[in-house]
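Undergrad: Model the following, please.
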Amino acid sequence: MKNDQTTTFRESVLMNQQALASNLATEYDFIVCGTGSSGSVVAGRLASDPNIRVLVLEAGGSDESEIVIDPNRWWMTLGTDLDWGFVAEQNPNLNGRAVPYSMGKVLGGGSSINVATWSRGHRVDWDFYAQEAGDEAWGYNAVLKLYREKIEAWSGAPDPQYRGTSGAIHVQPAADLVPFSFAVLDAAESIGMPRFPNANGRMMEEAAGCAVVDETIFEGQRKSIYRSYLYPVMNQPNVTVLTGALASKVLFEGKKTVGVEFLWNGQLHQVRAAQEVILSTGAIQTPKLLMQSGIGDPEELNRFGIPLVQSLRGVGRNLHDHVAFGALWEVAGDPPAPVPRGKTACFWKSDPALEAPDFYAYSRRGASLSTENVKRFGAPPADVWSLVIGMRPASRGSVHLMGANASDPVRVNAAYLENPEDLKSLIAGLKTARAIGNAPALAGFRGQESLPGSLFGGDLVEFFRNDLTTFWHQSCTAKMGRDEMSVVDSKLKVYGLDGLRIADASILPHVTTGNTMAPCVVIGERAAMLLGAK
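TA: This next block holds a predicted model:
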């Protein structure tokens, strides 16, 4: 019966969306650009009111693919047409390497190609955002209430102080744990990390901790934010979702936003917005779209002959992202299951003086190692397990235009290791990660430590320069705040313009502690509330 209902609803959605696409209106109440972890929330909440007409533009295509549906095949999406395929420019601090900078180009955005890990962000993060914005609605207590009352449908052990059970998103503890998973938690606990009943809630209030991962998986399949928020209302006549529709320019009359220009089916279209335009295209595409629409640093716009609409020097600056690297051990005993997703999470500080954890680690079967380090230090053993380690760096990058047109590429300077403090932090954080991996609790699962092992001094620095890559948490390129480099205010309105808001990870003042999908849902919910959605 359930499968029959699912098939019937899918057919209803397809027929409705085909009919709406074949008869586009010239004006909608709201235009939402992007269906990622924020845009799907905004569009879905707005469309829940049948009197509101919503147009949603998604540059990518359908999410109906086995490599999307199966969360263990997420890595197979990278480099495909489901991926924007950005590449950060060559970095002298990484021995000239150019890091691939994948981002989701598909219905659901990053929530359709990520590892499905649910990480709320730390209390210190949210309180910092509230301070930067001058608005307690962004503070931890307000966000915790959102998670409990509107966002989460938590299926784990009851935790009413922290977890909601009737929200839009199914969240569960990682399934199919094996003895190795518990041994990792035992190891982390043995070196002083408190163990928590789940990876969110109280753990995101503490200086360190370990727990089983929370994830957005339902009955073994990915449940993206698009599937949780937007797809359920796509059989309605008031919401039109176009795929393969690339927003090329926001349209203005003076300082008033009046619509969007977009490329679709090989033609250029213009549609008006009676109320507002919301940009949710991510931390690379959002600043690009702003700049190509005349919003940004006047000097940069002038280089490409783009008429200035609003001078905002912070557009495209402040790019923040977690860096990633791996620590490897030979497999022994009963190894972790051969799936490319972690089942456990550990968070800690590289410096006790920090307010919140700047490091985290997930464990998985297989090697996390660059080809450059294989060449320099030799190939690892055939069967290894890794701690995949992320760090919030001090370095900030930037996004720049390479042309005035939507089809022109964008230049991304990830700026990894530009701040010399980051190398010191990496060395300190690695020490803790190695203490976990080498703890007695893992002795039955561990052979020799493969890399970085006994490396120190210049060799260890070279290991990092050769190995660092992205955790795909690109953020902060149109940040919320009150200083001269801020792009949006606490209401997510672009400074100096009417009718234009941004709702995606680009508005964060700094990248959150942990994965960014859950914080992006918060951004989407806040935007929807500010727009008057039910």
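Undergrad: neighbours around the closest residue to Arg97 other than its chain neighbours, how many?
TA: Ranked by C-beta to C-beta, 6 or more residues apart in numbering and with sequence neighbours excluded, the top spatial neighbour of Arg97 is Asn91, at 6.2 Å. C-betas here are computed from N, CA, C, even on glycine. For Asn91, the neighbour count with other C-beta atoms under 10 Å is 20.
Undergrad: dump the residue contacts of Asn91.
TA: The neighbourhood of Asn91, defined by C-beta atoms under 8 Å, 6 or more residues apart in numbering, consists of 97-99, 413-417.
Undergrad: Going through those residues, which ones are buried?
TA: Neighbour-count burial (16 or more other C-beta atoms under 10 Å) applied to the contacts of Asn91 gives 97, 99, 413-417.
Undergrad: returning to what we had before: which members of the contacts of Asn91 occur in strands, if any?
TA: Among those, the members falling in strands (DSSP state E) are Asn413.
Undergrad: what two of the contacts of Asn91 have the greatest distance between them?
TA: With C-beta to C-beta as the measure, no two of these lie farther apart than Ala98 and Leu417, at 14.2 Å.
Undergrad: who's in contact with Lys479?
TA: Contacts of Lys479 (C-beta under 8 Å, 6+ apart): 132, 314, 318, 485-488, 506-509.
Undergrad: Mind putting the residues you listed into TSV with neighbour count, secondary structure and distance to Arg227?
TA: Shown next, in TSV, are those (neighbours: other C-beta atoms under 10 Å; DSSP: H, G, I helix; E, B strand; the rest coil; distance: C-beta to C-beta, whole Å):
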residue	neighbour count	secondary structure	distance to Arg227
Glu132	19	helix	32
Gly314	21	coil	33
Asn318	25	strand	31
Met485	13	coil	36
Ser486	21	coil	33
Val487	31	coil	30
Val488	23	strand	27
Ser506	33	helix	23
Ile507	32	helix	24
Leu508	27	coil	24
Pro509	21	coil	29
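Undergrad: Look at the closest residue to Ile507 other than its chain neighbours and say how many residues are nearby.
TA: Closest residue to Ile507 apart from its sequence neighbours, by C-beta to C-beta, 6+ apart: Met480 at 4.5 Å. Met480 has 25 neighbours, counted by other C-beta under 10 Å.
Undergrad: For my notes, please list the contacts of Asn91 in CSV and give distance to Leu177 for each entry.
TA: Shown next, in CSV, are these (distance: C-beta to C-beta, whole Å):
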residue, distance to Leu177
Arg97, 35
Ala98, 37
Val99, 32
Asn413, 40
Ala414, 34
Ala415, 38
Tyr416, 33
Leu417, 36
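Undergrad: and the lowest-mean-pLDDT helix or strand in the chain, what does it pack onto?
TA: Lowest by mean pLDDT, DSSP states H and E among the helices and strands of the chain is helix 371-377, with a mean of 85. Packing partners of helix 371-377 (3 or more C-beta pairs under 8 Å, 6 or more residues apart in numbering; DSSP states H and E): helix 457-467.
Undergrad: Please pull up the helix or strand immediately following the helix it packs on.
TA: Per DSSP states H and E, the first helix or strand lying C-terminal to helix 457-467 is strand 469-470.
Undergrad: Could you verify my assumption that Tyr495 touches Ser486?
TA: Yes. Using C-beta atoms under 8 Å, Tyr495 is in contact with Ser486, at 6.9 Å.
Undergrad: how about CSV for the contacts of Asn91, with distance to Gln448 and pLDDT added?
TA: Output for the contacts of Asn91, formatted as CSV (distance: C-beta to C-beta, whole Å; pLDDT from 0 to 100):
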residue, distance to Gln448, pLDDT
Arg97, 27, 96
Ala98, 32, 97
Val99, 29, 96
Asn413, 38, 98
Ala414, 33, 98
Ala415, 35, 98
Tyr416, 29, 98
Leu417, 28, 98
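Undergrad: How far does stretch 178-196 sit from its chain's centre?
TA: Stretch 178-196 sits 26 Å away from the centroid of its parent chain (C-alpha atoms, centre = their mean, to the nearest Å).
Undergrad: can you tell me the average pLDDT over that stretch?
TA: For stretch 178-196, mean pLDDT rounds to 96.
Undergrad: go on, stretch 104-115?
TA: Across stretch 104-115, pLDDT averages out at 98.
Undergrad: ditto for stretch 14-23
TA: 97.
Undergrad: for stretch 324-340, same thing?
TA: Mean predicted confidence for stretch 324-340 is 86.
Undergrad: What's the end-to-end length of it?
TA: From its first residue to its last, stretch 324-340 covers 15 Å (C-alpha to C-alpha, to the nearest Å).
Undergrad: other SSEs contacting the longest strand along the chain?
TA: What stands out as the longest strand in the chain, according to DSSP E, is strand 267-279. For strand 267-279, the packing partners by 3+ C-beta pairs under 8 Å, 6+ apart come out as strand 27-33, strand 246-253, strand 256-264, helix 282-292, strand 500-502.
Undergrad: ok, longest helix in the protein?
TA: helix 2-21 (DSSP state H).
Undergrad: I'd like to know which elements that helix is packed against.
TA: Under the contact definition 3+ C-beta pairs under 8 Å, 6+ apart, helix 2-21 sits against strand 239-243.
Undergrad: Okay, now the sheet partners of the strand it packs on, with direction.
TA: Strand 239-243 has the following strand partners under DSSP bridges: strand 54-58 (parallel).
Undergrad: Residues contacting the partner strand, please?
TA: Contacts for strand 54-58 (C-beta under 8 Å, 6+ apart): 24-25, 28-35, 39, 43, 46-47, 106-107, 230, 238-247, 260, 262, 264, 271.
Undergrad: and these, which are buried?
TA: Judged by 16+ other C-beta under 10 Å, buried ones among the contacts of strand 54-58: 28-35, 39, 43, 46-47, 106-107, 230, 238-243, 245-247, 260, 262, 264, 271.
Undergrad: okay, now the closest residue in space to Asp408 that isn't next to it in sequence: neighbour count?
TA: Spatial nearest neighbour of Asp408, excluding adjacent residues (C-beta to C-beta, 6+ apart): Met402 at 5.3 Å. Neighbour count for Met402, taken as other C-beta under 10 Å: 12.
Undergrad: The one 5 residues further on now?
TA: Applying other C-beta under 10 Å, we find 8 residues neighbouring Ser407.
Undergrad: Kindly report the same for Val178.
TA: Neighbours of Val178 (other C-beta under 10 Å): 13.
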